[in-house]
Every structure is written in structure tokens, then in C-alpha cells.
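>>> Below is the structure, and that's it, no one-letter string:
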């Protein structure tokens, strides 16, 4: 069963990588590097390349979900990080780019930091099978604040937000969505037999709002940055946020955890996030856009 899970995780990583690259190239071709509009999004729904990317992303997420159920988190989660490497290589070949040293260092930081964080978190956390109504409401309220914050930023600075802000927002929002989805799953499996009656309406509304805004942020990130950055956000920031919520709110931190382990987790998370920031600044596609923009402004002057 473990080897089957590993195979699914690897196939899922390939699907995520190719799907992100297909969607990213479709969005860039449609927007020309400009901000994604609602009309542009409707056009993407009729774009075969974008739809293929969506299907591959959905298939990759489904494979990863099955893998997580079939094998320990320590086995499956680090494998998902290879999607970042695959996306970088595929996108570089598709765009005719040379992967520079800064990109290699940034990706290495992302993969190493996220893998270490997950491995350490497994040894520092414990499963909480009972989530109180107060804890669930707290998570929903925090998610509402996150949706309000990132939604306001998107509304006020839509044409000035860079790809990193978009993908940071998407990673945070999808991290909350993952936690609330797990909580809903526990409600449905509750032995009291009430099934859907256990699910709070505000949790469903919160997931829908966060999922919608997060998806918009992902597509907007494609228009202003490389698809590697999107995968970095979904495979690095998302799990870090999810585990942090579990520790801070759901009480999943083991009582016997040594301070050194907690500090090591924080350092690993910081290493991964620094890698995402570096990727958003030193990726060859980003530097190429900066050079093109500078050359265009020089010609106008």
C-alpha cells in the first residue's frame, strides 16, 4: 500500500506540474502579462490548453489526496515538492529559458525547507479527533479576516500586486480550506449519524469564499509570474499554514515537544518561505520581464 501511495504521489506531482505549466502559458498568452480580468477569465474557460491544465491539476490533487490516506504524511508530503522541480524544468523548455543559479538555490530552499518542516511536524504533532465548535468558529473568523485582507489588497492594488503577493494569498487561503475540509470530513464521519447536519453553514460559506478568491489569485499569479511560483505556493505555503493552524488552534502540538524541535520547525518554515520569495525575484522569467519593462520605459523616454 505504501509503494502504491508513493506511485500515486509521484504521478500526482507530474500532473500538478504539467497542469500548472499548461494553465500558466494559457493565461500569459491571453493577458500578455497584464492583470487578469473577469472577461479574460471567461475566455480561459473556452481555452483548450487552460481546461487541460485544470483537469490535470484536479487529477493531481485527487491522486495526492488518495496517497495521503494510503500512507504516512512523512512519506507522501515531501514527494509533492518535486512538482516544483518538474514545473521549473518544463516551463524553462517551453519558454526557451535558461535556469539560472538563483532559481536553483531558491527551489532547493523551497524543497528542503518544506520537506524538513513536514518531517519535523509529524514528530511534533498529534491527531486531534475532536474539534470543538469554538475552535471551528475561531478558524472561520480568522479565515474571514484573511479573505477580507487579501480581497481588499486585490481590489485596491490590483494592477500593482506582484506574483508573490498573489501566491502568498492563495497559499494562506488554501491552507485554511484544507483544515476546514478535514473538519467537515470528521463531521460527516461522526458516529452520531447526523452526517450533513453536523456541518456548520458558515464553514461551507467560508470554504466557498476562500476557494473562490484563492483560485482567482492563482490565475492572477500566472499572468504576472512563472507557474513554478504557483506550485511553490501550493506545495510550500499551503501545508505550513495548515500545520500552523493545527498547532495554534486545534491543540495538535504534543505536550512533550522539546523547544529545539519547535525552533527547528520555525527555521525550516522560514527557509521554505525565503525560497519562495527568492524564486519570485530571481526566476529567469521574472528577470526577463523586468529587463523588457526597463527597455520599454527607456524607449518611451
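Cool, the structure landed. Every value quoted in this text rests on a predicted model; they were computed, and no experiment measured them.

>>> So the most centrally placed residue in the chain, which state does it fall into?
For the chain, residue 234 is the residue whose C-alpha lies nearest the centre (CA atoms, centre = their mean; 1.6 Å). With DSSP: H, G, I helix; E, B strand; the rest coil as the basis, residue 234 sits in helix.

>>> Quick check: the gap between it and residue 215.
Using CB to CB, to the nearest Å, we find residue 234 at a distance of 11 Å from residue 215. Quick note: C-beta positions are derived from backbone N, CA and C, even for glycine.

>>> what sits in contact with each of the two?
Taking CB atoms under 8 Å, 6 or more residues apart in numbering as the criterion, residue 234 and residue 215 both touch residue 170.

>>> Could you tell me which ranges of this structure sit under the pLDDT cut-off?
1, 32-35, 37-38, 69, 71-74, 77, 292-301 (pLDDT under 70).

>>> Can you check which helix is longest in the chain?
The longest helix of the chain (DSSP state H) is helix 2-31.

>>> coming back round to it: list the contacts for the residue nearest to the centre of the chain?
16, 170, 171, 174, 218.

>>> do the same with residue 117
Contacts of residue 117 (CB under 8 Å, 6+ apart): 239, 240, 243, 265, 268, 269, 272.

>>> Could you double-check that residue 171 sits in contact with residue 244?
No - using CB atoms under 8 Å, residue 171 is not in contact with residue 244, being 11.6 Å away.

>>> what comes up buried for stretch 99-118?
Within stretch 99-118, the residues scored as buried using 16 or more other CB atoms under 10 Å are 99, 102-103, 106-107, 109-118.

>>> Which members of those residues occur in helices, if any?
Going by DSSP H, the helices hold 102-103, 106-107, 109-118 from the buried residues of stretch 99-118.

>>> Can I get the residues you listed in JSON lines including distance to residue 166?
Formatted as JSON lines, those follow (distance: CB to CB, whole Å):
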{"residue": "102", "distance to residue 166": "20"}
{"residue": "103", "distance to residue 166": "19"}
{"residue": "106", "distance to residue 166": "17"}
{"residue": "107", "distance to residue 166": "19"}
{"residue": "109", "distance to residue 166": "20"}
{"residue": "110", "distance to residue 166": "17"}
{"residue": "111", "distance to residue 166": "21"}
{"residue": "112", "distance to residue 166": "24"}
{"residue": "113", "distance to residue 166": "21"}
{"residue": "114", "distance to residue 166": "19"}
{"residue": "115", "distance to residue 166": "24"}
{"residue": "116", "distance to residue 166": "26"}
{"residue": "117", "distance to residue 166": "22"}
{"residue": "118", "distance to residue 166": "24"}
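
>>> Pick out the most distant pair among the residues you listed.
102 and 118 (24.8 Å; CB to CB).

>>> quick one: contacts for residue 25?
49, 91, 94, 95, 227.

>>> re the thing from before, filter the contacts of residue 234 down to just the ones in strands.
Using DSSP state E, no member of those sits in strands.
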